Structure formats: C-alpha cells, structure tokens
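Participant: Please find the sequence and the predicted model below.
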Amino acid sequence: QVQLVESGGGLVQAGGSLRLSCAGSGRTFSTYIMVWFRQAPGKERERVALIGQSSGVTSYADSVKGRFTISRDNAKNMVYLQMNSLKPEDTAVYYCGARQTWGGTDDYWGQGTQVTVSS
C-alpha cells in the first residue's frame with residue numbers, strides 16, 4: 001500500500017511559479033506510475049501530468065504543456081510538479097496519485113493541496 005501526502009500549494013499571482021511536492025510511503029513506491037491531477041469547483045477532474053517508474057517517460061495535458069514539469073526522486077519517495085507561468089485557470093485542488101498502468105485508474109491518491117492563482 002502507498003500513502004501520499006501533497007504539499008506546496010498556496011496563493012500566487014498570475015505569471016508566478018509554485019512547486020508542489022508529493023511524499024509517498026511504502027517500499028513499492030518506485031514501481032508505480034505517478035500522476036498529478038487537479039479539480040476545480042464545478043469542473044471535471046483533469047489529469048495534468050504523468051511520469052513513468054524510472055522518470056524516462058512523461059506526459060502532460062495540453063493545457064499545461066511547456067509550463068509544468070513533473071519529476072520524481074525514487075530514493076526519497078517523492079514526486080514534484082514545477083508550475084511556471086501560472087494562470088488563473090490553473091486554480092484548483094491538486095492531487096498526486098499512483099497507478100500501475102499508464103492508461104489505468106489511480107490506485108492511491110492524497111488529500112490534495114490548494115493552488116490559487118490571482119489575476
């Protein structure tokens with residue numbers, strides 16, 4: 001079993017940057033594909049970025065491509081989301097998740113961290 005705890009959210013002005021962190025527990029952390037997704041009030045959940053087990057493969061939603069970067073450190077059981085050039089429409093609760101297959105569903109996820117971008 002994997003437990004995930006997100007941190008790093010906050011209030012930032014448009015054009016600013018934030019770095020989200022996700023701390024995982026469990027000896028199997030490195031075997032999971034990790035994902036960041038977000039959900040804004042009244043909107044559907046959106047998958048933002050994924051990263052493979054060895055960091056060699058990443059994928060991004062079109063809405064964040066070129067602005068967000070996902071990374072992981074398996075030695076520390078950590079996943080990160082560097083968010084640059086933030087826009088008001090990036091405002092949402094951000095969650096990290098762990099899944100076993102690229103197109104599958106998340107087996108585990110954290111409690112989320114709020115990101116608010118002011119215009």
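Facilitator: Done, it's in. Numbering: from 1, shown residues only.

Participant: Going by C-alpha atoms from here, please, whenever you check contacts or count neighbours.
Facilitator: Will do.

Participant: which residues of the protein score low on pLDDT?
Facilitator: Residues of the chain meeting the criterion pLDDT under 70: none.

Participant: quick one: the strands in it?
Facilitator: 3-7, 10-13, 18-25, 33-39, 46-51, 58-60, 68-73, 78-83, 92-99, 108-109, 113-118 (DSSP state E).

Participant: Let me see the contact set for the closest residue to Phe37 other than its chain neighbours.
Facilitator: Excluding the flanking residues, the one nearest Phe37 by CA to CA, 6 or more residues apart in numbering is Arg47, at 4.2 Å. By CA atoms under 8 Å, 6 or more residues apart in numbering, the contact list for Arg47 reads 35-38, 61.

Participant: Met83 touches Arg19, doesn't it?
Facilitator: Yes. Assessed by CA atoms under 8 Å, Met83 is found in contact with Arg19 at 5.9 Å.

Participant: who's more crowded, those two?
Facilitator: Met83 (20 against 16; other CA atoms under 10 Å).

Participant: In contact with the more buried one, which residues?
Facilitator: By CA under 8 Å, 6+ apart, the neighbours of Met83 are 17-20, 67-69.

Participant: Return the residues in contact with Thr101.
Facilitator: Ile33.

Participant: how far away is it from Gly56?
Facilitator: In this view, Thr101 and Gly56 are 15 Å apart by CA to CA, to the nearest Å.

Participant: Need the nearest residue in space to Phe68, chain neighbours excluded.
Facilitator: Met83 (4.5 Å).

Participant: Chain neighbours aside, what residue packs nearest to the spatially most central residue of the chain?
Facilitator: The structure's the chain has its C-alpha centroid closest to Trp36; by CA atoms, centre = their mean the separation is 2.5 Å. If the residues on either side of it in the chain are set aside, Trp36 comes closest to Cys96, at 4.4 Å by CA to CA, 6+ apart.
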